[in-house]
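>>> Sequence plus the predicted model coming up.
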Amino acid sequence: MTGMSEIQSYLPIYPVLSVTEVGSQMFGMGSLSSDHDLVIIYSEQTSDILKGRSIHPTLPSKHHIWINDQEYDFSYLEIGHFCHQLKKGNINMIWALLSPIVIYQTKQVRILYDTISA
């Protein structure tokens, strides 16, 4: 398993709230040749949101990134967009939140997890 130090250069410039793995690895169905699908939840600057500046609900995904001889795909979601999609029942957001493979998670995201899984 790759940790935060190995993926640091692929993280957004915004504060990262959570990094979880989804896809075949999450379900225990990945093989040695399977890629790793990481969902990164980030937060735009609060001052930008309060000033009415346009925020990025997502950032461009990065595919086919090789780290330590393993292939990774990165998906980026802003926390507001993530929560909006979660409220709509988007299964990808549910998987990202409830994934048992947690690389990094802030206390705030853990509280959200505890609320959803209760």
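Sure thing, it's come through. Numbering: from 1, shown residues only.

>>> Contacts for stretch 71-85 next, please.
2, 7, 10, 12, 14, 17, 35-44, 49, 55-66, 92-93, 96, 112 (C-beta atoms under 8 Å, 6 or more residues apart in numbering). For the C-beta atoms, the positions are set from N, CA and C on the backbone; glycine is no exception.

>>> and what of stretch 28-43?
By C-beta under 8 Å, 6+ apart, stretch 28-43 touches 2, 7, 11-12, 14-26, 59, 64, 70-79, 82, 92, 96, 99, 103, 109.

>>> cool, and stretch 14-24?
4, 7, 11, 26, 30-31, 34-45, 78-79, 92, 95-97, 99, 101-106, 108-109.

>>> among those, which ones are buried?
7, 11, 26, 35-44, 78-79, 95-97, 99, 101, 103-105, 109 (16 or more other C-beta atoms under 10 Å).

>>> on that earlier part again, can I get the buried part of the contacts of stretch 28-43 as one ChimeraX selection?
Only the buried members of the contacts of stretch 28-43 enter the following ChimeraX selection, criterion being 16+ other C-beta under 10 Å:
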select :7,11,12,14,16,17,18,19,20,21,22,23,25,26,59,72,73,74,75,76,77,78,79,82,96,99,103,109
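
>>> can you tell me which of the contacts of stretch 28-43 are in strands?
Within the contacts of stretch 28-43, residues falling in strands by DSSP state E are 16-22, 59, 64, 70-78, 103.

>>> Now do the residue of the chain positioned farthest from its centre against Gln45, distance only.
For the chain, the largest distance from the centre (C-alpha atoms, centre = their mean) belongs to Lys51, which lies 25.6 Å off. Lys51 sits 9 Å away from Gln45, going by C-beta to C-beta, to the nearest Å.

>>> same thing with Tyr113?
24 Å.

>>> repeat for Lys87
According to C-beta to C-beta, Lys87 and Gln45 sit 23 Å apart.

>>> State which helix of this structure is the longest.
helix 107-117 (DSSP state H).

>>> what is the orientation angle of it with strand 16-22?
Counting by axes from the mean of the first three to the mean of the last three C-alpha atoms, to 10 degrees, helix 107-117 lies at 50 degrees to strand 16-22.
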